[in-house]
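**Student:** quick check, what structure comes out for this input:
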Amino acid sequence: MKTGRLAAATCAASLALTLAAAPSYAGKPGSGGTPPSGGALVLYDTTNTYGWLGELYAIQADNLASHFGAVKAEPVTSYTAGQVNSYNGVIYIGSTYDEPIPSAFLDDVLSTSKPVIWASDNIWQLSARAADFNAQYGWTPGYFDQGTVTGVQYKGITLTRDARNGAGTVLDVNVNDTSRAQVLATSVRDDGTTFPYAVRSGNLTYIADNPFPYSTPTDRLLFFEDVLFDAFAPATTTQHRAMVRLEDIDPTADPAKLKQIADWLYSQHIPFGFGIIPTYTDPTGYYNNGTPESYKLSRTPAFIDAIRYLLSHGGTMVDHGYSHQYSNIPNPYTAVTGDDYEFFRVTENTDHSLNYVGPLPGDSQAWAAGRVKSALNEFSAAKLPAPTIFEPPHYAATAPDYAGFKQYFGTRWDRGLYFGGVLSGSTPDYGHQVGQFFPYVVHDVYGFKVLPENCGDISPQPWFDYPATLPADIINCAQKNLAVRDGFASFFFHPYLDISYLQQTVQGLQAAGYAFVSPSSL
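**Tutor:** Numbering: from 1, shown residues only. Next up, the predicted model:
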C-alpha cells in the first residue's frame, strides 16, 4: 500500500505545470450565443502569429467577470458601433501588437460613460483616435519600458510578477494631470525604481501589461481581479474568507487520523471540505510487491464510519473522481490511485516535467459521465449522501469530460483547464491550453459554479525541482490575496501529513484576517 508521498508531490507538480501551460507575452516591441442583458463584454485579439493566445486570455477574463453576472466574449474585430450600450462595462485584453481595432470600438470608448478596462497593447490606437487624448484623460501612453518589472504595488501590498514575462513588456504611462488621472497601482523594476502600472481617468481604466501570462497566486493578476469590482460592483463590502479541503481520501485512509483532524477543526469551529476517491486500485501491484489490490468505498465499513464522522463534524463531502487513475498503464507515474490522472493523458519527461497531451483512449462525454456515475453508485451503496461538489483529479479534464461531469454536478472546486476553441465553439485545441485559479466564486465557460482554490497545498518535502510548500507559503499567499476586496484564501491538506501543518496554516490565515466558511455555504 502506498505511503502517499508521491501523490502529494505529483499533485503539487500538476498545479505548477498547469499554471504555466500558456506561453508568455506574445506581441512585440466567445463565449458565444445571444448577448446578455447587462453584464460584461470581453473583447480580445485574434490576429498574427500568436493570435490564438487572445482566446485563452479572453476565457480567463470571461471566467473572472462571471463573478459579477452574465458575460459575452468575442474578438474585438467583431465589435459593432453602439454595442457597449448593451452591457454594464467592457474589458479589452490587448495581446497582439497593432491588432486592427475597429474605429467603432475606439469611438465608443472615447464617448461612452460605461466603465472600460483596457489591458496592455494598442492603447496608442485609442490615443491617436482622440482629438486630444491628454486634454481629455490627463495622461498619455509612452513606449514599452525596457526595465524588468518584478512586482506591482497595490493597496500597500507588493504583488509578484514572474520574471518569465521578461523586460520590455510593461508600457510607460505619462501622467500629466493628477486631478484627472489617478494612479491605481505602481510597477516595481528589479532595481527598485517604480513607474505607474495602472491609471484611471473618468470611466477608462488602463493596465500597462497583460495580467494573465505566467500568473501565480501572489501575482499582479490580483490587482486585475480586484479592479473588476470598481467596474461591475463598486458597492461591494470588503470581507476575506478562507476554505480548507482535506485531499485525496481513498478507502486506504487511516480512519483514526481522519477523526483526529475532524476533532481539531470542529473544536476550532472550522468548517471544511473533504475529497473522497471512492475506489482505490493498484492494478500492477506497484506498492504491493507486484500483487494487484483494490478497495471499494462501499466495502470498507471503517472508512464509511470515518466519512460519517467527518460529515457530523462540519465537513462537506466532495467527489474526487472515481479512481484518480486511468487504467493499468502509468498516466504518467504508477497507475495507482492518487498518483495518476484520471481524465487527461499526461506523460513525464526525463527532467520530471510533464506534457499535457490531451484526451485518453476512449475519452468522450459519455465515458466521463460513466465514471462519475460509478463513483456516485459507490456513495449510494455505502448509504452516504450524494456529494454535490466535484473535483477532477489533478484538476485536469478534456472539454467533453467537463460536459460529462455537468450531467451530475453543477459545482466544481478546482482550478479549471481551458482550451482554444472553447469560446468559438470549435473543436478543442489541446495544444493550446491554460489552467486558471480564482480568488472568488465564478461561473466558468463550461457552465459550472467554481469554488476558489488559489493557495495550493502543503508539501513539506521537495520533489526533484519542485520546492517544498510550507504553512508560511500558504499564509503568504493569503496575505497577498488581501488585495482582493471580497476574495478567498483557499488551500488543501493531505490527511496523512502531521496535523501541526494544518494547525499552523489555519491559525495563520485567521491571524491575517480571514474567516473560515463552509464550501456548502457558497
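
**Student:** residues making contact with stretch 266-273?
**Tutor:** 243-246, 265, 313-318, 389, 413, 506, 516-521 (C-beta atoms under 8 Å, 6 or more residues apart in numbering). From N, CA and C alone the C-beta is placed, and that goes for glycine too.

**Student:** please convert the buried members of those into PyMOL selection syntax.
**Tutor:** Selecting only the buried entries of the contacts of stretch 266-273 in PyMOL, with 16 or more other C-beta atoms under 10 Å as the criterion:
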select buried, resi 243+244+245+246+265+313+314+315+316+317+318+389+413+506+516+517+519
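
**Student:** which phi and psi does A478 have?
**Tutor:** Dihedral pair for A478: phi -60, psi -40, per degrees, to the nearest 10.

**Student:** and the residue lying closest to it once chain neighbours are set aside, what are its bridge partners?
**Tutor:** Take A478 and drop its neighbours on the chain: the residue closest to it by C-beta to C-beta, 6 or more residues apart in numbering is A489, 3.4 Å away. Beta-bridge pairing for A489 (DSSP bridges): A242.

**Student:** these two touch, right, A489 and N481?
**Tutor:** Yes. With contact defined as C-beta atoms under 8 Å, A489 counts as touching N481 (5.3 Å).

**Student:** which neighbours do those two share?
**Tutor:** By C-beta under 8 Å, 6+ apart, A489 and N481 have these common neighbours: 240, 454-455.

**Student:** remind me which residues of the stretch 1-150 of the chain are low pLDDT?
**Tutor:** For the stretch 1-150 of the chain, applying pLDDT under 70 flags the ranges 1-37.

**Student:** where along it do the strands fall?
**Tutor:** Assigned strands in the stretch 1-150 of the chain, in chain order: 40-44, 71-75, 89-94, 116-120, 139-145, 149-154 (criterion: DSSP state E, counting those that start in this stretch).

**Student:** can I get the ones you listed in a markdown table including distance to D62 and mean neighbour count?
**Tutor:** A markdown table is the format used below for the strands of the stretch 1-150 of the chain (distance: least, C-beta to C-beta, whole Å; neighbours: other C-beta atoms under 10 Å):
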| stretch | distance to D62 | mean neighbour count |
| --- | --- | --- |
| strand 40-44 | 5 | 28 |
| strand 71-75 | 5 | 22 |
| strand 89-94 | 9 | 26 |
| strand 116-120 | 13 | 24 |
| strand 139-145 | 26 | 18 |
| strand 149-154 | 23 | 22 |
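
**Student:** make a markdown table from the ones you listed and add distance to V442 to it.
**Tutor:** Shown next, in a markdown table, are the strands of the stretch 1-150 of the chain (distance: least, C-beta to C-beta, whole Å):
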| stretch | distance to V442 |
| --- | --- |
| strand 40-44 | 12 |
| strand 71-75 | 10 |
| strand 89-94 | 14 |
| strand 116-120 | 17 |
| strand 139-145 | 31 |
| strand 149-154 | 21 |
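
**Student:** of those, which is nearest Y408?
**Tutor:** Of all the strands of the stretch 1-150 of the chain, it is strand 71-75 that lies closest to Y408, at 24.7 Å by C-beta to C-beta.

**Student:** please name the strands paired to that closest one in the sheet, noting orientation.
**Tutor:** When sheet partners are counted by DSSP bridges, strand 71-75 sits next to strand 40-44 (parallel).

**Student:** what does the partner strand contact?
**Tutor:** Residues contacting strand 40-44 (C-beta under 8 Å, 6+ apart): 30-31, 54-55, 57-58, 61-62, 65, 68-76, 79, 83-84, 86-93, 95, 105, 231-232.

**Student:** again, but for stretch 143-156
**Tutor:** Outside stretch 143-156, the residues that touch it by C-beta under 8 Å, 6+ apart are 29, 158-161, 163, 165-172, 184-191, 193-195, 197, 209, 220, 222-223, 226, 482-483.

**Student:** can you say which of those residues are buried?
**Tutor:** Buried among the contacts of stretch 143-156 by 16+ other C-beta under 10 Å: 158-161, 165, 168-172, 184-189, 195, 197, 209, 220, 222-223, 226, 482-483.

**Student:** out of the strands of the stretch 1-150 of the chain, which is closest to K406?
**Tutor:** strand 71-75 (18.0 Å).

**Student:** for the closest one, list the C-alpha coordinates in PDB.
**Tutor:** Written as PDB, here are the backbone C-alpha positions of strand 71-75 (Å, rounded to 0.1, in the frame of the first residue of the first chain):
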ATOM      1  CA  VAL A  71     -20.600  37.700 -19.900                       C
ATOM      2  CA  LYS A  72     -20.200  37.900 -23.600                       C
ATOM      3  CA  ALA A  73     -16.800  37.400 -25.200                       C
ATOM      4  CA  GLU A  74     -15.900  38.000 -28.800                       C
ATOM      5  CA  PRO A  75     -13.000  39.100 -31.000                       C
END
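
**Student:** just checking, V450 touches D414?
**Tutor:** Yes. If you go by C-beta under 8 Å, V450 and D414 touch, sitting 7.0 Å apart.

**Student:** those two: which is more packed in?
**Tutor:** D414 (27 against 23; other C-beta atoms under 10 Å).

**Student:** count the neighbours of the nearest residue to that one once chain neighbours are set aside for me.
**Tutor:** Closest residue to D414 apart from its sequence neighbours, by C-beta to C-beta, 6+ apart: Y395 at 4.7 Å. Residues near Y395, counting by other C-beta under 10 Å, number 23.

**Student:** so where's the stretch 251-400 of the chain shaky on pLDDT?
**Tutor:** Along the stretch 251-400 of the chain, segments meeting pLDDT under 70 are nowhere present.

**Student:** could you pull out the helices for the stretch 201-350 of the chain?
**Tutor:** Using DSSP state H, counting those that start in this stretch, the helices of the stretch 201-350 of the chain run over residues 221-232, 255-267, 301-312.

**Student:** now the longest one, how far from the chain's geometric center?
**Tutor:** So that's helix 255-267. Offset of helix 255-267 from its chain centre (C-alpha atoms, centre = their mean, to the nearest Å): 29 Å.

**Student:** repeat that for the first one.
**Tutor:** Here the centre of mass of C-alpha atoms in helix 221-232, compared against the chain's by C-alpha atoms, centre = their mean, lies 15 Å away.

**Student:** pull out the buried positions in it.
**Tutor:** Buried residues in helix 221-232 (16+ other C-beta under 10 Å): 221-232.
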